[in-house]
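Visitor: Pasted the sequence and its predicted model underneath.
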Amino acid sequence: MPNSKPFTLNQRAQLLLARLFHYLPLAWVSAIGGFLGARQGRRAIRANRLWVRRMHQSYAALFGAADENAREQRIIAHTRHVGEVYAEIPVIHRMIKAGHLEIVGQAHLENLSKPVILVSAHMANWELVGHIAELVGGRIS
C-alpha cells in the first residue's frame with residue numbers, strides 16, 4: 001500500500017508478543033498480559049493521567065473509597081484485568097479448545113426453530129459470543 005506507514009518499534013514488539021502467545025501456556029499468556037496491564041496502570045498513576053483522575057473520582061463517588069491508596073489498588077487491578085483480556089485475544093481459539101468457555105443456559109439455545117438474537121455484555125472476552133452462535137448452529141453474517 002502506498003499510503004501505509006511502517007510499524008513503530010512498539011507495534012512490532014506487540015505483534016511479536018502476540019505471535020509468541022500462540023506457543024505459551026494459556027496461564028502464562030494471561031499472567032503476562034496482567035503484568036503488562038498493571039505496569040501500564042502504575043505508569044498512568046505516576047503520570048497523573050486524566051483517565052486515572054476520573055477513575056479516582058468515580059471510585060470515591062460510587063464506592064465511597066476515600067483512601068487514595070485503596071483507589072490506586074483498584075485502578076491497578078482494573079488495568080491488570082484489561083491486560084489479561086488483551087493478551088488473551090490472539091489465543092481465544094486455544095481457550096475454546098481447552099474448555100475455558102462456560103455457557104450458562106446453553107439448553108435454551110439448542111434446537112431453536114426461529115431466529116434468535118444473542119446479546120453479550122462488553123466484558124472480558126465478549127468476542128466469544130460468536131463462538132456460542134456457531135455452537136448452536138447459527139451463521140454469523
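Guide: Arrived safely, thanks for sending.

Visitor: C-alpha from now on. contacts and neighbour counts both.
Guide: Fine.

Visitor: Spatially central residue for this structure, please.
Guide: Val85 (2.2 Å; C-alpha atoms, centre = their mean).

Visitor: Next, give phi and psi for Arg49.
Guide: phi -60, psi 150 (degrees, to the nearest 10).

Visitor: what residues are up against the residue nearest to the centre of the chain?
Guide: Counting by C-alpha atoms under 8 Å, 6 or more residues apart in numbering, Val85 touches 30, 33, 124-125.

Visitor: Please spell out the segments of this structure that come in under the pLDDT threshold.
Guide: Under the criterion pLDDT under 70, the flagged ranges of the chain are 1-3, 122-123, 136-141.

Visitor: Go again with 80.
Guide: For the chain, the stretches with pLDDT under 80 are 1-4, 101-141.

Visitor: Could you say which helix or strand holds the residue nearest to the centre of the chain?
Guide: Here Val85, judged by DSSP states H and E, is contained in helix 68-88.

Visitor: Pull out the buried residues from whichever helix or strand comes after that helix.
Guide: Beyond helix 68-88 on the C-terminal side, the first helix or strand identified by DSSP H and E is helix 92-97. For helix 92-97, a neighbour-count test (16 or more other C-alpha atoms under 10 Å) marks Ile92 as buried.

Visitor: burial count for Ser30?
Guide: When neighbours are defined as other C-alpha atoms under 10 Å, Ser30 has 20 of them.

Visitor: what kind of secondary structure is it in?
Guide: Secondary structure state of Ser30, per DSSP: H, G, I helix; E, B strand; the rest coil, is helix.
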